[in-house]
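Undergrad: Okay, here's the prediction I keep looking at, along with the sequence it came from:
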Amino acid sequence: MTELQRPQPKPGVMDIAAYVPGKSAAPAGVAKVHKLSSNESPLGPSPKAIEAVRDVAAKLEFYPDGASTRLREAIAEAHGLNPANILCSNGSDEVLGLLALTYLQPGDEAIFTEHGFLVYRIYTQAASAVPVAVKETDETADVDAILAAVTEKTRIVFLANPNNPTGTYIPFDEVRRLHAGLPKHVILVLDAAYAEYVRRNDYESGMELVSSSHNVVMTRTFSKIHGLGGARIGWIYAPAEIIDALNRVRGPFNVNAAAIEAGVAAMKDRAHVEAALAHNDKWLAWLTQELTALGLRVTPSVGNFVLVHFADGERHSAAAADEYLTQRGYILRRVAGYGFPNALRMTIGTEEANRGVVAALVEFLKT
Ligand SMILES: *Cc1c(COP(=O)(O)O)cnc(C)c1O
């Protein structure tokens, strides 16, 4: 055996492209920064969640409830689910990773779509499995392409519905068709991080399909409409056998005490969620219309963000727009890593931020 000079990660780890979060800083001297790069809520968290975290602060010597019981019960009550079929996690990222770690062996394959959430690829590679990215059609998941990619080695299909960073979704009959075409031992992961925002009659987040199948799971997050990205709270709704397996692999206290209480308070504050939804409805439509009127192509979005495409050539490219907006305090998201070298993703912000970005782009396009 060769004697190595230092510890080496297992094969494949150094091939992982580390996740690059959205920027949050503007250059020195910018008066006000509007962070529109991570799909955070312009309304912030519920005041009740803030209060709940303050209360926990005085009792931080105690370990949290490792089973997140109160949080699972609050989620179950709000959605009409059995709390035994819910597992909470340190953001939904964690539970996506747990799925990979629990169900993928070296050489197994996990499928996702070409512009799908980057975390799927990262965790697939971390589990020493093979990431399989399939083509989309019109920046939207293509069920036939996914089914065509299934092999004997496929164990997981990850589908963000709606997807980030495109904001597109597939109707629920398409999700059903996808499920019907998968072998029974393949897990279909429906990542519904943006489900609360969707206003379409043909959309469903997938709870019913989870309830009526053995191989479908749905993941959700408190990071988006609940405005609690910093608290790191996610959850999965899954068949009992899958919950049982994930519970064996997860950290024993994976959700911290402040997160549990913030989540319970947020789940009960329906008025705050409604306000966030109403804000998004109004400004998603407004931004789509205004940006399109500037001659920019906007991918039709049902989420809390828009993917804005820029012109070829340097002058009015996404990179140039990003630089121009950043100088003025508007921080959007570069999405080259998602296969969109000439687009920016913009989170629906406050009225001030939304109007500010459009006004700045009017000026930018005159340069
Ligand atoms: C934001 C997002 C999540 C949520 O991640 P958290 O870890 O819960 O903050 C999950 N999936 C997609 C597609 C997202 O965009």
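TA: Sure thing, it's come through.

Undergrad: Now the residue of the stretch 51-200 of the chain found nearest the ligand: closest residue in space, sequence neighbours ignored.
TA: For the stretch 51-200 of the chain, the residue closest to the ligand is G91, as judged by C-beta to the nearest ligand atom, at 2.7 Å. Bear in mind the C-beta positions are built from the backbone N, C-alpha and C, glycine included. Nearest residue to G91 in three dimensions, chain neighbours excluded: R232, at 4.2 Å (C-beta to C-beta, 6 or more residues apart in numbering).

Undergrad: That neighbour touches V95, doesn't it?
TA: No - assessed by C-beta atoms under 8 Å, R232 is found out of contact with V95, at 11.3 Å.

Undergrad: Between the two ends of stretch 185-198, what distance do you get?
TA: 30 Å (C-alpha to C-alpha, to the nearest Å).

Undergrad: Could I get the buried residue list for it?
TA: 186-198 (16 or more other C-beta atoms under 10 Å).

Undergrad: now swap in stretch 43-50 and tell me
TA: Neighbour-count burial for stretch 43-50 [16+ other C-beta under 10 Å]: 43, 45-46, 48-49.

Undergrad: cool, stretch 90-101 as well?
TA: Here stretch 90-101 shows 90-100 as buried, counting by 16+ other C-beta under 10 Å.

Undergrad: at contact distance from the ligand, anything in stretch 290-302?
TA: No - applying C-beta under 6 Å from any ligand atom, one finds stretch 290-302 out of contact with the ligand, separated by at least 12.2 Å.

Undergrad: Need the contact partners of that stretch.
TA: With contact meaning C-beta atoms under 8 Å, 6 or more residues apart in numbering, stretch 290-302 is reached by 139, 162, 166-169, 194, 197-200, 203, 284, 287-288, 306-310, 358, 361-362, 365.

Undergrad: my guess is F117 contacts L159, does it?
TA: No - F117 is not in contact with L159 according to C-beta under 8 Å; the separation is 9.6 Å.

Undergrad: got any residues that touch both of these two?
TA: With C-beta under 8 Å, 6+ apart as the test, F117 and L159 both reach D191.

Undergrad: who's more crowded, those two?
TA: L159 (26 against 22; other C-beta atoms under 10 Å).

Undergrad: and that one, what is it in contact with?
TA: Neighbours of L159 in contact, by C-beta under 8 Å, 6+ apart: 112-113, 116, 141, 146, 170, 175, 178, 188-191.

Undergrad: and these as TSV, adding pLDDT and secondary structure?
TA: Output for the contacts of L159, formatted as TSV (pLDDT from 0 to 100; DSSP: H, G, I helix; E, B strand; the rest coil):
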residue	pLDDT	secondary structure
F112	98	strand
T113	98	strand
G116	96	coil
A141	98	coil
I146	98	helix
I170	98	coil
V175	98	helix
L178	98	helix
L188	98	strand
V189	98	strand
L190	98	strand
D191	98	strand
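
Undergrad: so which of those are also by the ligand?
TA: Within the contacts of L159, those near the ligand by C-beta under 6 Å from any ligand atom are D191.

Undergrad: Please name the nearest non-neighbouring residue to A18.
TA: A18 sits nearest to I122 (C-beta to C-beta, 6+ apart), 7.8 Å away.

Undergrad: Are we agreed that that neighbour is in a helix?
TA: Yes - I122 forms part of a helix when assessed by DSSP: H, G, I helix; E, B strand; the rest coil.

Undergrad: Check whether it really touches V20, as I assumed.
TA: No - the criterion here is C-beta under 8 Å, and I122 misses it with V20 at 11.1 Å.

Undergrad: Which residue of those two possesses the greater neighbour count?
TA: For I122 versus V20, neighbours defined as other C-beta under 10 Å are more numerous around I122 (19 against 11).

Undergrad: dump the residue contacts of that one.
TA: 16-19.

Undergrad: same question, V130
TA: Contacts of V130 (C-beta under 8 Å, 6+ apart): 107-110, 124, 153.

Undergrad: In terms of helix, strand or coil, where does whichever residue of the stretch 251-367 of the chain sits closest to the ligand fall?
TA: Closest to the ligand within the stretch 251-367 of the chain is G303: 8.1 Å, counting by C-beta to the nearest ligand atom. Remark: G303 carries the secondary structure label coil [criterion: three-state DSSP].

Undergrad: what pLDDT does it get?
TA: pLDDT, G303: 98.

Undergrad: wait, doesn't it sit right on N39?
TA: Yes - with contact defined as C-beta under 8 Å, G303 counts as touching N39 (7.4 Å).

Undergrad: what do those two both touch?
TA: With C-beta under 8 Å, 6+ apart as the test, G303 and N39 both reach 164, 194.

Undergrad: between the two, who's got more neighbours?
TA: Neighbour count, other C-beta under 10 Å: between G303 and N39, G303 has more, with 28 against 25.

Undergrad: Which helix or strand contains the closest residue to Y123 other than its chain neighbours?
TA: Excluding the flanking residues, the one nearest Y123 by C-beta to C-beta, 6+ apart is A100, at 3.9 Å. Here A100 sits within helix 91-103, counting by DSSP states H and E.

Undergrad: Name the residues that touch that helix?
TA: By C-beta under 8 Å, 6+ apart, helix 91-103 touches 87, 89, 110, 119-120, 123-124, 126-127, 129, 155-156, 158, 187, 189, 191, 193, 217, 219-221, 223, 232-236, 245-246, 248-250, 254.

Undergrad: Tell me which entries of the residues you listed lie within helices.
TA: 119-120, 123-124, 126, 245-246, 248-249 (DSSP state H).

Undergrad: from those, which would you call buried?
TA: Buried among the ones in helices among the contacts of helix 91-103 (16+ other C-beta under 10 Å): 119-120, 123-124, 126, 245-246.
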